[in-house]
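Undergrad: Okay, predicted coordinates and the sequence, questions at the end:
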Amino acid sequence: MCAVAISAAGRARADAPWLGVTRGPGATDCPDATALAAAVAREPHGGDGAALAMSHYNVAITRDAARLAATIRVSGANAGERTIVDRGDTCQGLARALAVTLAILLDEERRAREESVEAPVNPPPPQAPPQRDTAPPVRVPRSSERAVTIGARAGGGALLGVLPQPGAMGVVEATFGVGRWSLQAGAIGAPAVAARVGIGEVDVSAIAGRVSGCGGISSDPRALTAGICAVVAVGAVEGAAHGYDTNDTRTRAWVAAGSALFGAGPIASPLTWWGKAGFLVPIVPQGFDVRGVGPVFVPPAAGGSLEMGIGVTFR
C-alpha cells in the first residue's frame with residue numbers, strides 16, 4: 001500500500017539532468033535514474049522527461065525494517081517535496097508509484113507552459129466612451145410643471161385711453177397658478193381726471209373688476225418668467241360736472257377686452273415682483289357731454305395700461 005505526502009521546499013534550480021536517483025542500503029532492488037526515466041516514459045502523458053521538464057527532480061529511496069520510502073525533491077518551476085511510502089516486501093509497488101507521480105508532475109509542467117504561452121501578456125486597456133461636447137438639456141422636474149401656487153399682489157401704474165387724459169391707477173389681485181399657467185382676478189381703479197370745456201369741467205373716474213388668464217415660459221414659480229395674458233375688464237366710468245348751469249353726476253357701464261405682456265421674478269421667498277403692459281379695446285365705450293356745451297370726453301378706439309408692483313406667492 002502506498003501513501004503520498006506533500007510539503008513546501010525551496011525554489012532553487014540545480015544544473016543537472018532532469019532526474020537523479022539515490023538508493024540507500026537495502027534499496028538496491030529499486031530502479032536507478034535510467035530505469036525510472038524509462039518507466040515514466042511508458043506512463044500516459046509521461047513522454048520524454050528531458051524535453052518536458054522545466055524543473056530538476058531528485059529521488060532519494062531508503063528502506064527501514066517496516067517500509068520503503070521515496071522522497072521526491074523538486075527544484076525550479078514546480079518546486080516542492082513529495083514523499084511516497086510503500087510497506088511491501090519488494091520495490092515493485094514503490095517503483096510503479098514513483099513512475100506515476102513523476103509522469104503527473106511532468107504533465108502539470110507541460111500544461112502550465114502551454115497556458116503561459118496562450119495568455120496575453122498585457123491586454124489592451126478598455127477604451128473610455130467618447131465625451132459629449134455639449135451638456136445634456138436640463139429639464140424642469142415634473143413636480144415643478146404641475147406645481148400649484150396661490151398668491152396676492154398690489155401695484156400701480158398709468159391708465160391710457162379710458163379717462164380724458166392719461167391718469168394714475170391702482171391694482172389689487174389674487175393669483176392662482178398650476179405650472180406655467182395662472183389666473184389673476186382683482187380690481188383696478190383710477191382717480192378722477194378733469195376735462196375742462198367751456199365755463200366748467202367734468203371729473204371722470206373709473207373702477208372695474210379684471211380677470212387675466214396667463215401663460216408663462218417657466219413652470220417654476222420661484223424662477224424669472226415672462227408671458228402673455230388675455231384680459232377682460234368690466235366696470236363703470238363716472239363723470240361729475242362742475243361750473244355749468246346744470247351740474248350732475250352720471251355713471252355708465254364700461255366693458256373692455258384685450259391682452260398684455262407680463263414679467264415676474266423672485267425677490268426673497270415668498271416676496272415677488274411683477275410688471276404688465278397691455279392694451280384694451282372698449283366693447284361698451286362711454287363718453288360724456290354737457291347740455292348746451294357739447295361732448296366733454298369721447299373715448300378713443302383703444303386704450304391700455306402700464307403697471308408694476310410686488311406680491312407674495314406660496315406653493
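TA: Received, thanks.
Undergrad: Could you use CA atoms for every contact and neighbour count after this?
TA: Will do.
Undergrad: so what does the longest helix along the chain touch, helix or strand wise?
TA: When the chain is parsed with DSSP state H, its longest helix is helix 92-118. Applying 3 or more C-alpha pairs under 8 Å, 6 or more residues apart in numbering; DSSP states H and E, we find helix 92-118 packed against strand 2-7, helix 33-42, helix 49-52, strand 68-76, strand 80-86.
Undergrad: So the nearest residue in space to Val234 that is not next to it in sequence: helix, strand or coil?
TA: Excluding its sequence neighbours, the residue lying closest to Val234 (C-alpha to C-alpha, 6 or more residues apart in numbering) is Val255, at 4.6 Å. At Val255 the chain is in strand, as set by DSSP: H, G, I helix; E, B strand; the rest coil.
Undergrad: I'd like to know how far Val255 sits from Ala241.
TA: According to C-alpha to C-alpha, to the nearest Å, Val255 stands 23 Å off from Ala241.
Undergrad: which of those two has more neighbours?
TA: Ala241 (23 against 20; other C-alpha atoms under 10 Å).
Undergrad: picking up where we left off before, compare the helices and strands packed on helix 92-118 and give me the one nearest Ser259.
TA: strand 68-76 (95.2 Å; C-alpha to C-alpha).
Undergrad: Return the set of buried residues in that closest one.
TA: Using 16 or more other C-alpha atoms under 10 Å as the test for burial, strand 68-76 gives Leu68, Ala69, Ala70, Thr71, Ile72, Arg73, Val74, Ser75, Gly76.
Undergrad: Looking at these, spot the one nearest Ala37.
TA: Ile72 (13.6 Å).
Undergrad: just to revisit the earlier point, averaged over its residues, what pLDDT does the longest helix of the chain have?
TA: Average pLDDT, helix 92-118: 84.
Undergrad: Just give me how far it sits from the chain centre.
TA: 57 Å (C-alpha atoms, centre = their mean, to the nearest Å).
Undergrad: again with stretch 89-102
TA: 70 Å.
Undergrad: what's in contact with that stretch?
TA: Contact with stretch 89-102 is made by 1-2, 27, 29-31, 36-37, 39-40, 43, 46, 67-70, 84-86, as judged by C-alpha atoms under 8 Å, 6 or more residues apart in numbering.
Undergrad: so what's Thr272 up against?
TA: Ala264, Gly265, Pro266, Ile310, Gly311, Val312, Thr313.
Undergrad: go on, Pro266?
TA: Applying C-alpha under 8 Å, 6+ apart to Pro266 gives the contacts Arg222, Ala223, Leu224, Thr272, Trp273.
Undergrad: That one: which element?
TA: strand 249-268 (DSSP states H and E).
Undergrad: which parts of that strand are buried?
TA: Those would be 254-266, for strand 249-268 by 16+ other C-alpha under 10 Å.
Undergrad: and the two most separated of the residues you listed?
TA: The widest separation within the buried residues of strand 249-268 (C-alpha to C-alpha) is 34.5 Å, between Trp254 and Pro266.
Undergrad: quick one: contacts for Ala264?
TA: When contacts are taken as C-alpha under 8 Å, 6+ apart, Ala264 is in contact with Leu224, Thr225, Ala226, Thr272, Trp273, Trp274, Gly275.
Undergrad: any idea how far the first one is from Glu307?
TA: When C-alpha to C-alpha is the yardstick, Leu224 and Glu307 sit 18 Å from each other.
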